[in-house]
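Chemist: predicted model and sequence follow; I will ask about them next.
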Amino acid sequence: MDPHCFRITRAECGDMPPKVYSTRSVPLTDNQQHYYDRVLDEIALEMDHGTLTVQNQLSRLLRLQQITGGFMPSDDKVQKPLNNDRPDVMLQEIEGMRGKVIIWARFRAELELIAEVLRLAYGARSVAEYHGGIDGANREWARSSFQGFFMDVEARTGLKREIEIPLKEQPRFFVAQQASGGYGLKLTAADNVIYYSNDFSLEHRLQSEDRPIALDKPQGVAYLDLQAPGTVDEKIVAALRGKKEIADALLDSGGLTAWTARSRS
């Protein structure tokens with residue numbers, strides 16, 4: 001294929017709309033801080049005994065991230081919710097946004113909570129969900145309705161055609177996991193993106209950022225990260241925005257002990 005193609009970087013595309021980044025701090029509640037500190041104590045003990053491998057460090061990092069997102073870490077699929085302010089802060093930020101919004105989150109419990117909170121605030125039809133708990137047909141409906149249309153099959157010919165959905169009947173929010181919805185989907189109806197939480201994949205982050213990009217948006221797309229100050233959230237967001245894999249960033253900075261030591265200072 002080499003003689004028939006060429007490649008350029010995003011930076012070399014002078015007409016690409018800008019990406020505008022911002023961050024909103026959401027301090028841990030006392031309830032969250034209690035469990036967060038407990039996991040930190042477990043990490044310190046494991047490090048003292050030399051049992052914390054790189055893979056185990058990522059596992060502990062995941063547990064800390066569950067707590068900052070508002071849920072008690074659990075080995076089963078049922079996670080205990082913790083008192084936290086992240087849903088309220090998300091709603092506050094949305095009040096200042098115009099148009100449609102994509103909201104990415106890592107954990108199923110977070111996605112379910114986000115969808116519930118948005119439906120209570122904006123109505124049952126305001127949310128389209130796209131994640132592992134949604135079947136194929138409903139995923140397709142979520143994607144197309146968010147973009148403002150649905151696919152209809154003409155009875156006589158069997159041909160598919162796009163039918164426009166009135167704006168007031170379109171969902172305003174697209175709530176999804178990066179691993180499920182971050183690849184290949186056209187979500188250009190959105191002008192705003194909220195990262196309620198991030199996973200550890202740089203590729204997922206970059207792909208999910210590009211879903212709403214379109215050349216007819218001279219104003220660009222706004223990206224907002226919610227993070228708990230003084231926690232691993234800050235390290236994760238900084239690494240991904242710096243285009244680094246989390247595992248690499250963790251090792252380069254001295255491991256999880258260094259990350260958690262700085263976050264507790």
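Modeler: The structure has been received and is ready for your questions. Numbering: from 1, shown residues only.

Chemist: wait, what's in contact with Trp259?
Modeler: Residues in contact with Trp259 (CB atoms under 8 Å, 6 or more residues apart in numbering) are 61, 232, 235, 250, 253. (Glycine included, C-beta is placed from N, CA and C.)

Chemist: closest one of the residues you listed to Val127?
Modeler: Comparing the contacts of Trp259 against Val127 with CB to CB places Val232 closest, at 28.4 Å.

Chemist: could you find the closest non-adjacent residue to that closest one?
Modeler: Leu64 (4.9 Å; CB to CB, 6 or more residues apart in numbering).

Chemist: in what helix or strand does the one you found lie?
Modeler: Assigned by DSSP states H and E, Leu64 belongs to helix 54-68.

Chemist: buried residues in that helix?
Modeler: 57, 60-61, 63-68 (16 or more other CB atoms under 10 Å).

Chemist: buried stuff in the longest helix seen in the chain?
Modeler: With secondary structure taken from DSSP state H, the chain has its longest helix at helix 30-48. Residues 32-33, 35-36, 39-40, 43, 46-47 are the ones in helix 30-48 that count as buried (16+ other CB under 10 Å).

Chemist: please apply the same query to stretch 112-131.
Modeler: For stretch 112-131, a neighbour-count test (16+ other CB under 10 Å) marks 112-115, 117-118, 127-131 as buried.

Chemist: just stretch 171-187 next, same as before
Modeler: Quick answer for stretch 171-187 (16+ other CB under 10 Å): 171-182, 185, 187.

Chemist: contacting residues around Glu42?
Modeler: Arg60.

Chemist: try Thr29
Modeler: 82-85.

Chemist: and those residues, which are buried?
Modeler: 82, 84-85.

Chemist: now those in a markdown table, with distance to Ser197, secondary structure and pLDDT?
Modeler: Below are the buried ones among the contacts of Thr29 laid out as a markdown table (distance: CB to CB, whole Å; DSSP: H, G, I helix; E, B strand; the rest coil; pLDDT from 0 to 100):
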| residue | distance to Ser197 | secondary structure | pLDDT |
| --- | --- | --- | --- |
| Leu82 | 14 | coil | 94 |
| Asn84 | 12 | coil | 96 |
| Asp85 | 14 | coil | 97 |
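
Chemist: what's the closest of these to Arg205?
Modeler: Set against Arg205, the nearest of those by CB to CB is Asn84 (22.7 Å).

Chemist: quick one: average confidence on stretch 102-112?
Modeler: Stretch 102-112 carries an average pLDDT of 96.

Chemist: equivalent analysis for stretch 220-240, please.
Modeler: pLDDT averaged over stretch 220-240 gives 96.

Chemist: quick one: strands adjacent to the host helix or strand of Asp225?
Modeler: Using DSSP H and E, Asp225 sits within strand 221-227. Using DSSP bridges, the strands paired with strand 221-227 are strand 19-25 (parallel), strand 190-195 (parallel).

Chemist: need the winner for burial among the ones you listed.
Modeler: Across those, the average number of neighbours (mean count of other CB atoms under 10 Å) peaks for strand 190-195, which reaches a mean of 22.

Chemist: if I look at the residue nearest to the spatial centre of the chain, how far off is Gly254?
Modeler: Taking CA atoms, centre = their mean, the centroid of the chain lies closest to Trp104, which sits 2.7 Å from it. As judged by CB to CB, to the nearest Å, Trp104 and Gly254 stand 28 Å apart.
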